[in-house]
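Asks: After the sequence you'll find the predicted model.
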Amino acid sequence: MRRFNNITDVPGIRVGNVEDLRALTGCTVLWVEEGAVCGVDVRGSAPGTRETDLLNPIHLVERVHAICLSGGSAYGLDAAGGVMQYLEEQGCGFQTGAGVVPIVPAAVLFDLDVGDGQVRPDREMGYRAASIAARGSFPLGNVGAGCGATVGKMAGPRRAMKGGLGSASRRWENGLIVGAIVAVNALGEVRDPSTGQILAGTRDEDGKIRSYLHWLGKQPLSFSGGTNTTIGVVAANARLTKAQASKVATMAHDGLARTIYPAHTMLDGDTLFALAMGEVEASVDLVGAIAADVLAEAVLRAIRSAEGIEGVPAYRDLQDGRGEGH
């Protein structure tokens, strides 16, 4: 089977990305046509989410049919309605006596301070993203929910750098396949854990990246709450319960902690979903450990694939891509 090094390597998962490159916002839809067991872990303190209560293991519905990741802050939750509409038209959803009800959890990030903040992902954008969802290669960086993502905002948006959408996958020797997709829009900086190099972060007045500790030591910090958030999905072809999938989501957050400094702050809404497709027997610990590694790789791919926008350079724009902490 061909490997794409993205989350669609996990059988049964399709991805659709739609973005508005002028307004700098977009959404990413993962369509699971046959449904999947799903868990979630919200670690940031400023989240924007939909249908996360339903994923509690004590609640009734066992399977979800899509996940929607979106820009637009809380306004972007509207995109999930368009995903529901498309899935209903396909007859995909939770069967009730009155028809199908697609289960579409969602999470959003804040990108209103770049591009045109009056344009947000809506039902139409969600519908379009669901309608083009497919298995295979797709571009990373300034696409989908990562279109308007930025990182390193400890000194305000003028000192930030470009974030984006990343994805990766890994196959284990027993046939286990684990994939991740993430929209990186963090308050903090992003480092390569293998070298300690800061790939993207907060720039000083000379354009040099300064370590997050430099900025945290300054009071008051020039940023406002709820303007960040890294959101994503990890998926595996493993057979897991809802409780076990939630544990995988918890372990996958280690991938954020290995690459984003600091992660899970009061001003981030970091949220990860975990999908289990139910094909391979594998321990929760194995799935969660691999998920953390793959998510970390996806974060790095997001930053390395991102392209600069007006006033916000990307990693690739820096002459040598280096800052303090290398």
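Replies: All right, it came through fine. Numbering: from 1, shown residues only.
Asks: Sketch out the helices for the stretch 1-150 of the chain, chain order is fine.
Replies: 79-89, 123-131 (DSSP state H, counting those that start in this stretch).
Asks: For stretch 20-39, what is the distance to the chain centroid?
Replies: 9 Å (C-alpha atoms, centre = their mean, to the nearest Å).
Asks: Buried ones in it, by neighbour count?
Replies: 20, 23-32, 35-39 (16 or more other C-beta atoms under 10 Å). In short, each C-beta sits where N, CA and C put it, glycine included.
Asks: Show me those residues that map onto strands.
Replies: 20, 25-32, 35-39 (DSSP state E).
Asks: Would you reformat those residues as TSV and include distance to residue 306 and pLDDT?
Replies: Listed next are these as TSV, based on distance: C-beta to C-beta, whole Å; pLDDT from 0 to 100:
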residue	distance to residue 306	pLDDT
20	16	97
25	15	98
26	13	98
27	17	98
28	15	98
29	20	98
30	21	98
31	25	98
32	27	96
35	33	95
36	29	97
37	32	98
38	28	98
39	28	97
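Asks: before we move on, back to that, any chance of the helices of the stretch 1-150 of the chain in CSV, plus mean pLDDT?
Replies: What follows is the helices of the stretch 1-150 of the chain, written out as CSV (pLDDT from 0 to 100):
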stretch, mean pLDDT
helix 79-89, 98
helix 123-131, 98
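Asks: Out of the ones you listed, which gets nearest to residue 154?
Replies: helix 79-89 (28.6 Å; C-beta to C-beta).
Asks: just checking, what packs against the closest one?
Replies: For helix 79-89, the elements it packs on are strand 25-42, strand 63-70, strand 99-101, strand 106-108, helix 123-131, judged by 3 or more C-beta pairs under 8 Å, 6 or more residues apart in numbering; DSSP states H and E.
Asks: How about the contacts made by residue 29?
Replies: 15, 16, 17, 66, 67, 68, 69, 83, 126, 129, 130, 133 (C-beta atoms under 8 Å, 6 or more residues apart in numbering).
Asks: Redo the residues you listed as TSV? Include distance to residue 251 and neighbour count.
Replies: Below are the contacts of residue 29 laid out as TSV (distance: C-beta to C-beta, whole Å; neighbours: other C-beta atoms under 10 Å):
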residue	distance to residue 251	neighbour count
15	22	27
16	27	24
17	26	23
66	23	30
67	18	30
68	23	33
69	20	32
83	27	31
126	29	31
129	28	31
130	28	31
133	26	23
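Asks: Looking at those residues, spot the one nearest residue 200.
Replies: residue 69 (19.6 Å).
Asks: The closest one pairs with what?
Replies: residue 28, residue 107 (DSSP bridges).
Asks: Which residue ranges of the stretch 201-326 of the chain form strands?
Replies: Using DSSP state E, counting those that start in this stretch, the strands assigned to the stretch 201-326 of the chain run over residues 231-238, 260-261, 271-280.
Asks: So which of those strands is nearest residue 206?
Replies: strand 260-261 (21.0 Å).
Asks: picking that back up, compare the helices of the stretch 1-150 of the chain and report which one is nearest to residue 115.
Replies: Nearest to residue 115, of all the helices of the stretch 1-150 of the chain, is helix 123-131, at 14.0 Å by C-beta to C-beta.
Asks: any idea how far residue 24 is from residue 15?
Replies: 20 Å (C-beta to C-beta, to the nearest Å).
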